[in-house]
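> fold the following and give me the result.
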Amino acid sequence: MTVATDPSASGKRTGRRRLFHRFAPGGAARWTLLLALVVIAAWILVAATIDLWTPYDPVALAGRRLQPPSMAHWLGTDALGRDVLIRTLYGVRFSLPVAAGVLAVAVAIGCAIGAFAGYVGGLADGILMRLADITLSFPAMLLAMAVAATLGPGLLNAGIAMVVVWWPIYARLMRAQVLAVRSLEHVEAAVAIGASRQRVLFGHVLPLCWTPILVNATADLSQIILLVAGLSFIGLGARPPTPEWGQMVAEGATSFYNWWIAAGPGLAILSLSLAFSFIGDAARDLLDTRSGN
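Numbers count the residues shown, from 1 in each chain. From the prediction side, this is the model:
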């Protein structure tokens, strides 16, 4: 006698086995994930405690201008005599909260629009998705530059520009999830017994839609950090004397011989964006058991 098997359950078991081998002691991804978590935790700790132990103000004169790395100033000083290491460490207070805030707002707006469009359908769905398509048709950096230039320089305006770029991604992703989930048997049963649209949407549909949203959001943090730095680099983000990483890289890029000015913030951007990229890969393995090998 043959026993029918559930393909989805088999896929989940396969995903769990693959996940165990990847993150078990000695697994290929275990140490990379741990290192990424340590890097992110270290930056968060720096942001929370830097006022307690830093010897210099990030915008005040700390020594002679353009002083190379030394025991007094480990990453040297910039063109105004400010300590580059201290400014780099303070920069996480701007780059990380802005990236997290942009992501939170973009996810909230995009998911609300996508859930509404996918569940209601009809003309509203067509209009909202065509708007998302138009937005996605532009390169992300080009559209962010155009919006930021229209609004004017500043971290707030740069954040608004990035929300404009990112919300359609989550709108389309949430819409696709809602369309898939609303045809499930238990959702159709809830509709058949007379449950209200709000109860069906919030009680039966949305709870099953969040896994790909979380996976995508975790990976997107690294891209948003790079875009924040990119806008500041071209003068559309933080304004001087704010110790923001992209702006600091721009200051150091004007002179090849004073390499240390850009080295610190450049390595900071690299470390944080890579860490979130690795966390995003791990989240995909943890939450999406249908992913590839």
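
> ok, residue 139 - how many residues close by?
Applying other Cβ atoms under 10 Å, we find 10 other residues in the vicinity of residue 139. All C-beta spots, glycine's among them, are computed from the backbone N, C-alpha and C.

> how much space between it and residue 84?
Per Cβ to Cβ, to the nearest Å, residue 139 is found 32 Å from residue 84.

> same question, residue 258
In terms of Cβ to Cβ, residue 258 sits 10 Å off from residue 84.

> could you do residue 265 as well?
8 Å.

> mutual contacts of the two, please.
Here residue 265 and residue 84 have residue 248 as joint contacts, going by Cβ atoms under 8 Å, 6 or more residues apart in numbering.

> returning to that earlier point: neighbour count winner among residue 258 and residue 84?
residue 84 (28 against 21).

> surely that one and residue 259 touch.
No. Using Cβ atoms under 8 Å, residue 84 is not in contact with residue 259, being 10.7 Å away.

> which residue ranges of this structure form helices?
7-23, 30-53, 84-120, 122-136, 140-151, 155-181, 185-192, 197-200, 210-233, 245-252, 260-287 (DSSP state H).

> look up the closest residue to residue 169, ignoring the ones flanking it.
Of all residues beyond its chain neighbours, the one nearest residue 169 is residue 110 (6.5 Å), with distances taken as Cβ to Cβ, 6 or more residues apart in numbering.

> got a list of what the residue nearest the centre of the chain touches?
With distances taken as Cα atoms, centre = their mean, the residue of the chain nearest its centroid is residue 221 (1.3 Å). Shown in contact with residue 221 (Cβ under 8 Å, 6+ apart): 99, 100, 103, 276, 279, 280.

> swap in residue 40?
By Cβ under 8 Å, 6+ apart, the neighbours of residue 40 are 272, 275, 276, 279.

> closest to residue 250 among those?
Residue 250 has its nearest neighbour among the contacts of residue 40 in residue 272, at 17.9 Å by Cβ to Cβ.

> pull the most distant pair out of the contacts of residue 221.
100 and 280 (14.0 Å).

> returning to what we had before: and the contacts of residue 40 as a markdown table, adding neighbour count and pLDDT?
Below are the contacts of residue 40 laid out as a markdown table (neighbours: other Cβ atoms under 10 Å; pLDDT from 0 to 100):
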| residue | neighbour count | pLDDT |
| --- | --- | --- |
| 272 | 26 | 94 |
| 275 | 24 | 94 |
| 276 | 24 | 93 |
| 279 | 20 | 90 |
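
> distance to residue 35 for the residues you listed - can I get that in a markdown table?
Formatted as a markdown table, those follow (distance: Cβ to Cβ, whole Å):
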| residue | distance to residue 35 |
| --- | --- |
| 272 | 13 |
| 275 | 8 |
| 276 | 12 |
| 279 | 10 |
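
> and the two most separated of these?
272 and 279 (10.6 Å).

> for residue 92, grab the count of nearby residues.
Number of residues near residue 92 (other Cβ under 10 Å) recorded here: 22.

> quick one: it and residue 271 touch, right?
No. With contacts defined as Cβ under 8 Å, residue 92 does not count as touching residue 271, sitting 10.1 Å away.

> which neighbours do these two share?
residue 43.

> and the residue lying closest to residue 55 once chain neighbours are set aside, how many neighbours?
Spatial nearest neighbour of residue 55, excluding adjacent residues (Cβ to Cβ, 6+ apart): residue 86 at 7.6 Å. When neighbours are defined as other Cβ under 10 Å, residue 86 has 24 of them.

> which residues touch residue 86?
54, 55, 56, 57, 58, 62, 243.

> now residue 43. Nearest residue, chain neighbours left out?
residue 92 (4.9 Å).

> roughly how far apart are that neighbour and residue 238?
In terms of Cβ to Cβ, residue 92 sits 13 Å off from residue 238.
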